[in-house]
Structures are given as structure tokens and as C-alpha cells.
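A.B. asks: Coordinates for the following, if possible.
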Amino acid sequence: WHNGIFTGAVADEVAQDCQKKAITCTGPAGSVCLMHTRLLHGSAPNFGKRSRNLFICVYSAEDAIPCSSNPMPSKFEGLIVSGEKTNKVRSIPYEIKLPQKPTTASFFDQQAKSE
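C.D. replies: Next comes the predicted model:
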């Protein structure tokens with residue numbers, strides 16, 4: 001987020017520090033990579049002739065409520081796969097300014113707009 005707008009990028013100093021600790025994750029076509037939602041991640045530019053497809057599937061606790069709407073709503077959003085609905089939110093005291101909603105659902109589009 002830069003000035004309240006999702007750009008799909010981090011500050012240069014953060015990127016430089018994290019690149020020192022980066023781990024390469026590669027696999028043949030059809031491979032999957034499972035990671036925590038908040039893991040800083042990225043990829044090299046796609047110089048190939050074929051598009052790089054992306055499928056994002058998110059699992060979160062039943063009491064984790066989104067702070068903004070999903071730019072790509074799904075009929076499965078909010079589906080409980082284990083446990084029961086509590087109608088509670090687990091949290092600590094904090095304030096948060098809600099960000100501007102992205103105009104597209106593509107991370108790559110958002111990154112291109114900020115370049």
C-alpha cells in the first residue's frame with residue numbers, strides 16, 4: 001500500500017533487505033506453492049510468450065473478518081470448512097484506516113499502474 005492505494009509493491013529498502021533472505025521456489029507447470037497470506041513474495045518478470053496463470057485460494061479463521069470487500073467475490077466466501085459460526089471477532093484494540101479498493105482484481109495490473 002502506498003498512500004492508501006494497493007500497488008503490489010514494497011518500499012525499495014524493504015525489498016533489498018528481504019532479497020538477502022529470499023528462497024527460490026520453482027516447479028514444473030502445474031505445481032503449487034502454499035504460503036501464509038502475509039508472506040512477502042514476488043516473482044521475476046514473465047518474459048515468456050505464454051501468460052502466467054495465478055489461482056489464489058485463501059483459508060482464514062472463522063472469526064477473522066475482512067476489512068474491505070473482495071475485488072473478486074465468490075459464492076464460497078465465508079464458507080466454514082471446519083468448526084461452527086461464532087458471530088464473534090477475535091481482535092486486540094487497534095485503529096485502522098480502510099484502504100482504497102483496487103480498481104482491478106489483478107496484482108499484475110495494480111503493479112503496472114504504480115510503475
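
A.B. asks: only C-alpha atoms for contact and neighbour calcs from this point on.
C.D. replies: Noted.

A.B. asks: Nearest spatial neighbour of the most centrally placed residue in the chain, chain-adjacent residues omitted?
C.D. replies: Nearest to the geometric centre of the chain sits Thr37, at 6.0 Å (Cα atoms, centre = their mean). With Cα to Cα, 6 or more residues apart in numbering as the criterion, Thr37 has its nearest non-adjacent residue at 7.5 Å, and that residue is Val58.

A.B. asks: Per-residue pLDDT of that neighbour, please?
C.D. replies: In this model, Val58 is scored at 82, pLDDT.

A.B. asks: I figured it hits Met35, correct?
C.D. replies: No - with contact defined as Cα atoms under 8 Å, Val58 does not count as touching Met35 (9.8 Å).

A.B. asks: helices and strands of this protein: which one has the lowest mean pLDDT?
C.D. replies: Every helix and strand in the chain was compared by mean pLDDT, DSSP states H and E; the lowest is helix 107-114, with a mean of 66.

A.B. asks: so where do the helices sit in the chain?
C.D. replies: For the chain, the helices defined by DSSP state H occupy 12-19, 107-114.

A.B. asks: Can you give me the buried ones in the first one?
C.D. replies: This points to helix 12-19. Within helix 12-19, no residue is scored as buried using 16 or more other Cα atoms under 10 Å.

A.B. asks: contacting residues for Arg90?
C.D. replies: Listed by Cα atoms under 8 Å, 6 or more residues apart in numbering, the contact set of Arg90 reads 63-64.

A.B. asks: Next one: it from Ala61, what distance?
C.D. replies: Computed as Cα to Cα, to the nearest Å, the Arg90 to Ala61 distance reads 9 Å.

A.B. asks: Then Gly42?
C.D. replies: 25 Å.
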